[in-house]
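Undergrad: fold the following and give me the result.
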Amino acid sequence: MAKTDALSIYISDDTTKDKLMETYAEVIDMVQTSTVSTSIKNQNLSGDPQAGSVEARRLATSVSQAYGTARAAGAGDMISNNGVTINLDTDKEIVEEFEMKDVELYGIPSLMEKRAVNQAKAMARELDRAFFTEAVSAGSSVTLSAYSAIEDSLEALIQAVETVSNDNVDGVDRDMLVLTVTPAVYARLAGYIESVPNPIDGMANMETFHKVRVFVTHRQTVDAICMIEGAVAQPVIVKPY
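TA: I've put the predicted structure just below:
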(Lines give C-alpha, C1' and ligand atoms only; values in the text may rest on other atoms or scores of the structure.)
Protein backbone atom coordinates (compact mmCIF):
# COMPACT_ATOMS: atom_id res chain seq x y z
CA MET A 1 0.00 0.00 0.00
CA ALA A 2 1.42 3.39 -1.00
CA LYS A 3 1.67 5.97 1.72
CA THR A 4 -0.62 8.98 1.59
CA ASP A 5 0.69 12.37 0.47
CA ALA A 6 0.60 15.19 2.99
CA LEU A 7 -1.54 18.19 2.15
CA SER A 8 0.84 20.97 3.16
CA ILE A 9 4.09 19.33 4.28
CA TYR A 10 6.95 19.16 1.79
CA ILE A 11 10.39 17.59 1.78
CA SER A 12 13.49 19.76 1.53
CA ASP A 13 13.11 20.59 -2.17
CA ASP A 14 9.94 22.58 -1.30
CA THR A 15 8.17 20.94 -4.24
CA THR A 16 7.60 17.27 -3.41
CA LYS A 17 4.97 16.56 -0.79
CA ASP A 18 6.03 14.49 2.16
CA LYS A 19 4.35 11.19 3.06
CA LEU A 20 2.11 10.88 6.08
CA MET A 21 3.12 8.47 8.83
CA GLU A 22 1.07 5.27 9.05
CA THR A 23 0.56 3.06 12.08
CA TYR A 24 -1.14 0.27 10.13
CA ALA A 25 1.75 -2.22 10.03
CA GLU A 26 2.53 -1.68 13.69
CA VAL A 27 -1.06 -2.35 14.76
CA ILE A 28 -1.29 -5.53 12.67
CA ASP A 29 2.01 -6.85 14.03
CA MET A 30 0.88 -6.25 17.60
CA VAL A 31 -2.46 -7.99 17.01
CA GLN A 32 -0.75 -11.02 15.48
CA THR A 33 1.67 -11.43 18.37
CA SER A 34 -0.93 -10.97 21.11
CA THR A 35 -3.62 -13.36 19.86
CA VAL A 36 -3.87 -17.13 19.95
CA SER A 37 -6.53 -17.26 17.25
CA THR A 38 -4.32 -15.68 14.57
CA SER A 39 -1.89 -18.59 14.86
CA ILE A 40 -4.48 -21.33 14.39
CA LYS A 41 -7.33 -19.90 12.29
CA ASN A 42 -7.77 -20.81 8.62
CA GLN A 43 -5.56 -18.63 6.41
CA ASN A 44 -6.00 -20.74 3.26
CA LEU A 45 -8.90 -18.80 1.78
CA SER A 46 -9.74 -17.94 -1.81
CA GLY A 47 -11.53 -14.93 -3.23
CA ASP A 48 -11.25 -11.19 -2.82
CA PRO A 49 -12.12 -9.93 0.67
CA GLN A 50 -12.88 -6.52 -0.83
CA ALA A 51 -15.82 -8.17 -2.63
CA GLY A 52 -17.41 -8.98 0.72
CA SER A 53 -16.78 -12.72 1.04
CA VAL A 54 -14.14 -15.44 0.72
CA GLU A 55 -14.31 -19.23 0.51
CA ALA A 56 -12.68 -21.99 2.51
CA ARG A 57 -12.41 -24.91 0.13
CA ARG A 58 -12.86 -28.43 1.46
CA LEU A 59 -12.16 -31.22 -0.99
CA ALA A 60 -13.86 -34.55 -0.30
CA THR A 61 -11.66 -37.56 0.40
CA SER A 62 -10.90 -39.74 -2.64
CA VAL A 63 -11.97 -43.41 -2.64
CA SER A 64 -9.85 -46.02 -4.40
CA GLN A 65 -11.33 -48.42 -6.97
CA ALA A 66 -10.28 -51.90 -8.07
CA TYR A 67 -7.35 -51.69 -10.48
CA GLY A 68 -8.47 -51.15 -14.03
CA THR A 69 -11.97 -49.99 -13.10
CA ALA A 70 -11.39 -46.39 -12.01
CA ARG A 71 -11.97 -45.12 -15.55
CA ALA A 72 -14.74 -47.58 -16.42
CA ALA A 73 -17.05 -44.70 -17.32
CA GLY A 74 -14.39 -43.13 -19.53
CA ALA A 75 -13.23 -40.67 -16.91
CA GLY A 76 -12.03 -40.53 -13.34
CA ASP A 77 -14.07 -39.32 -10.41
CA MET A 78 -14.87 -35.64 -10.32
CA ILE A 79 -13.30 -33.78 -7.42
CA SER A 80 -15.96 -32.64 -4.98
CA ASN A 81 -15.59 -29.37 -3.11
CA ASN A 82 -18.06 -28.78 -0.28
CA GLY A 83 -16.53 -25.43 0.56
CA VAL A 84 -17.81 -22.86 2.98
CA THR A 85 -18.47 -19.22 2.08
CA ILE A 86 -17.44 -16.73 4.75
CA ASN A 87 -19.15 -13.36 4.55
CA LEU A 88 -17.25 -10.40 5.92
CA ASP A 89 -20.35 -8.92 7.47
CA THR A 90 -19.29 -7.99 10.99
CA ASP A 91 -18.23 -4.35 10.89
CA LYS A 92 -16.44 -2.68 13.80
CA GLU A 93 -14.81 0.67 14.29
CA ILE A 94 -12.83 2.57 16.87
CA VAL A 95 -13.24 6.34 16.83
CA GLU A 96 -11.36 8.49 19.30
CA GLU A 97 -11.12 12.23 19.73
CA PHE A 98 -8.22 14.30 21.04
CA GLU A 99 -8.36 17.60 22.83
CA MET A 100 -5.83 20.22 21.76
CA LYS A 101 -4.19 20.16 25.19
CA ASP A 102 -3.58 16.41 24.90
CA VAL A 103 -2.01 16.86 21.50
CA GLU A 104 0.22 19.69 22.74
CA LEU A 105 1.43 17.81 25.81
CA TYR A 106 1.80 14.34 24.33
CA GLY A 107 2.83 15.29 20.82
CA ILE A 108 1.32 13.71 17.73
CA PRO A 109 3.81 10.80 17.32
CA SER A 110 3.64 9.84 21.00
CA LEU A 111 -0.14 10.05 21.05
CA MET A 112 -0.51 7.89 17.95
CA GLU A 113 1.92 5.33 19.33
CA LYS A 114 0.04 5.05 22.62
CA ARG A 115 -3.32 4.72 20.89
CA ALA A 116 -1.97 2.12 18.47
CA VAL A 117 -0.86 -0.06 21.39
CA ASN A 118 -4.21 0.32 23.16
CA GLN A 119 -6.29 -0.35 20.05
CA ALA A 120 -4.21 -3.40 19.12
CA LYS A 121 -4.96 -4.86 22.55
CA ALA A 122 -8.67 -4.12 22.09
CA MET A 123 -8.65 -5.82 18.69
CA ALA A 124 -6.77 -8.84 20.02
CA ARG A 125 -9.29 -9.28 22.82
CA GLU A 126 -12.29 -9.11 20.48
CA LEU A 127 -10.76 -11.37 17.82
CA ASP A 128 -9.78 -14.08 20.30
CA ARG A 129 -13.15 -14.04 22.06
CA ALA A 130 -15.03 -14.24 18.75
CA PHE A 131 -12.80 -17.11 17.62
CA PHE A 132 -13.27 -19.23 20.73
CA THR A 133 -16.99 -18.45 20.92
CA GLU A 134 -17.35 -19.88 17.41
CA ALA A 135 -15.16 -22.89 18.24
CA VAL A 136 -17.33 -23.76 21.24
CA SER A 137 -20.70 -23.17 19.57
CA ALA A 138 -19.85 -25.06 16.37
CA GLY A 139 -17.91 -27.87 18.04
CA SER A 140 -19.04 -31.00 19.85
CA SER A 141 -18.89 -31.27 23.62
CA VAL A 142 -17.00 -34.14 25.23
CA THR A 143 -17.57 -34.99 28.90
CA LEU A 144 -14.43 -36.32 30.58
CA SER A 145 -15.76 -36.89 34.09
CA ALA A 146 -14.45 -40.45 34.09
CA TYR A 147 -10.88 -39.19 34.07
CA SER A 148 -9.32 -37.64 37.14
CA ALA A 149 -5.72 -37.24 35.95
CA ILE A 150 -5.17 -34.23 33.70
CA GLU A 151 -3.01 -36.22 31.28
CA ASP A 152 -5.75 -38.84 30.81
CA SER A 153 -8.45 -36.21 30.29
CA LEU A 154 -6.49 -34.32 27.64
CA GLU A 155 -5.47 -37.53 25.88
CA ALA A 156 -9.13 -38.61 25.69
CA LEU A 157 -10.07 -35.23 24.26
CA ILE A 158 -7.32 -35.48 21.62
CA GLN A 159 -8.44 -38.96 20.63
CA ALA A 160 -12.03 -37.76 20.21
CA VAL A 161 -10.82 -35.44 17.44
CA GLU A 162 -8.07 -37.71 16.14
CA THR A 163 -10.60 -40.42 15.26
CA VAL A 164 -13.11 -38.18 13.44
CA SER A 165 -14.20 -39.62 10.09
CA ASN A 166 -16.38 -37.88 7.49
CA ASP A 167 -16.36 -36.94 3.80
CA ASN A 168 -13.35 -34.71 4.29
CA VAL A 169 -11.13 -36.67 6.68
CA ASP A 170 -10.61 -40.24 7.80
CA GLY A 171 -8.87 -39.64 11.07
CA VAL A 172 -6.62 -36.66 11.77
CA ASP A 173 -2.86 -36.76 12.29
CA ARG A 174 -1.80 -35.25 15.58
CA ASP A 175 0.54 -32.78 13.93
CA MET A 176 -2.60 -31.19 12.42
CA LEU A 177 -4.27 -30.71 15.82
CA VAL A 178 -4.01 -27.91 18.36
CA LEU A 179 -5.05 -27.91 22.00
CA THR A 180 -6.12 -24.70 23.73
CA VAL A 181 -6.60 -24.69 27.50
CA THR A 182 -7.44 -22.23 30.24
CA PRO A 183 -4.70 -21.05 32.63
CA ALA A 184 -6.07 -23.35 35.36
CA VAL A 185 -5.83 -26.42 33.11
CA TYR A 186 -2.43 -25.31 31.85
CA ALA A 187 -1.20 -25.11 35.44
CA ARG A 188 -2.34 -28.68 36.09
CA LEU A 189 -0.69 -29.83 32.87
CA ALA A 190 2.53 -28.04 33.82
CA GLY A 191 2.45 -29.77 37.19
CA TYR A 192 2.12 -33.14 35.48
CA ILE A 193 4.92 -32.41 33.01
CA GLU A 194 7.25 -31.25 35.76
CA SER A 195 6.60 -34.49 37.65
CA VAL A 196 7.64 -36.67 34.71
CA PRO A 197 11.33 -37.63 34.95
CA ASN A 198 13.14 -36.82 31.70
CA PRO A 199 10.05 -36.73 29.45
CA ILE A 200 10.55 -37.89 25.88
CA ASP A 201 10.92 -34.91 23.57
CA GLY A 202 7.69 -34.29 21.68
CA MET A 203 5.61 -36.37 24.07
CA ALA A 204 5.22 -33.95 26.96
CA ASN A 205 6.60 -30.44 27.36
CA MET A 206 5.22 -26.94 27.72
CA GLU A 207 4.71 -26.46 23.98
CA THR A 208 3.34 -29.86 23.00
CA PHE A 209 1.43 -32.64 24.71
CA HIS A 210 1.48 -36.10 23.12
CA LYS A 211 2.61 -34.50 19.82
CA VAL A 212 -0.22 -31.90 19.84
CA ARG A 213 0.63 -28.19 20.07
CA VAL A 214 -0.66 -26.51 23.23
CA PHE A 215 -1.84 -22.90 23.63
CA VAL A 216 -3.01 -21.24 26.83
CA THR A 217 -5.68 -18.54 26.82
CA HIS A 218 -8.06 -16.95 29.32
CA ARG A 219 -10.46 -15.99 26.51
CA GLN A 220 -12.24 -19.33 26.06
CA THR A 221 -15.23 -20.38 28.14
CA VAL A 222 -14.50 -24.10 28.43
CA ASP A 223 -11.59 -25.89 30.06
CA ALA A 224 -10.03 -27.30 26.89
CA ILE A 225 -10.60 -27.26 23.13
CA CYS A 226 -9.01 -29.63 20.65
CA MET A 227 -9.42 -28.78 16.98
CA ILE A 228 -7.87 -29.19 13.59
CA GLU A 229 -5.69 -26.21 12.81
CA GLY A 230 -7.67 -24.07 10.37
CA ALA A 231 -11.06 -25.46 11.41
CA VAL A 232 -12.29 -21.94 12.15
CA ALA A 233 -11.94 -19.14 9.59
CA GLN A 234 -12.56 -15.56 10.61
CA PRO A 235 -10.77 -13.31 8.11
CA VAL A 236 -10.23 -9.72 9.16
CA ILE A 237 -9.66 -6.59 7.10
CA VAL A 238 -8.17 -3.68 9.00
CA LYS A 239 -8.16 -0.17 7.60
CA PRO A 240 -5.15 1.98 8.53
CA TYR A 241 -5.38 5.44 9.99
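Undergrad: looking at it, residue 130 is touching residue 233, isn't it?
TA: No - in this structure, residue 130 is not within contact of residue 233 by C-beta atoms under 8 Å, at 11.8 Å. (Each C-beta comes from the backbone N, C-alpha and C, glycine too.)
Undergrad: so how far is residue 39 from residue 115?
TA: 25 Å (C-beta to C-beta, to the nearest Å).
Undergrad: looking at these two, which one has more neighbours?
TA: residue 115 (17 against 13; other C-beta atoms under 10 Å).
Undergrad: a strand runs through the more buried one, doesn't it?
TA: No - counting by DSSP: H, G, I helix; E, B strand; the rest coil, residue 115 is not part of a strand but helix.
Undergrad: tell me the strands in the chain, going along the chain?
TA: All strands of the chain, identified by DSSP state E, fall at 5-10, 17-19, 53-56, 84-87, 177-181, 208-209, 212-216, 224-228.
Undergrad: run the angle between the last one and strand 212-216 for me.
TA: Right, strand 224-228. Taking axes from the mean of the first three to the mean of the last three C-alpha atoms, to 10 degrees, one finds strand 224-228 and strand 212-216 inclined to each other by 130 degrees.
Undergrad: quick one: end-to-end length of stretch 163-172, please.
TA: One end of stretch 163-172 to the other measures 6 Å (C-alpha to C-alpha, to the nearest Å).
Undergrad: so who does residue 139 touch?
TA: Applying C-beta atoms under 8 Å, 6 or more residues apart in numbering to residue 139 gives the contacts 225, 227.
Undergrad: pull up the distance across stretch 46-63, start to finish.
TA: Stretch 46-63 has an end-to-end distance of 26 Å (C-alpha to C-alpha).
Undergrad: actually stretch 71-83, not the one I typed
TA: By C-alpha to C-alpha, the extent of stretch 71-83 from end to end equals 26 Å.
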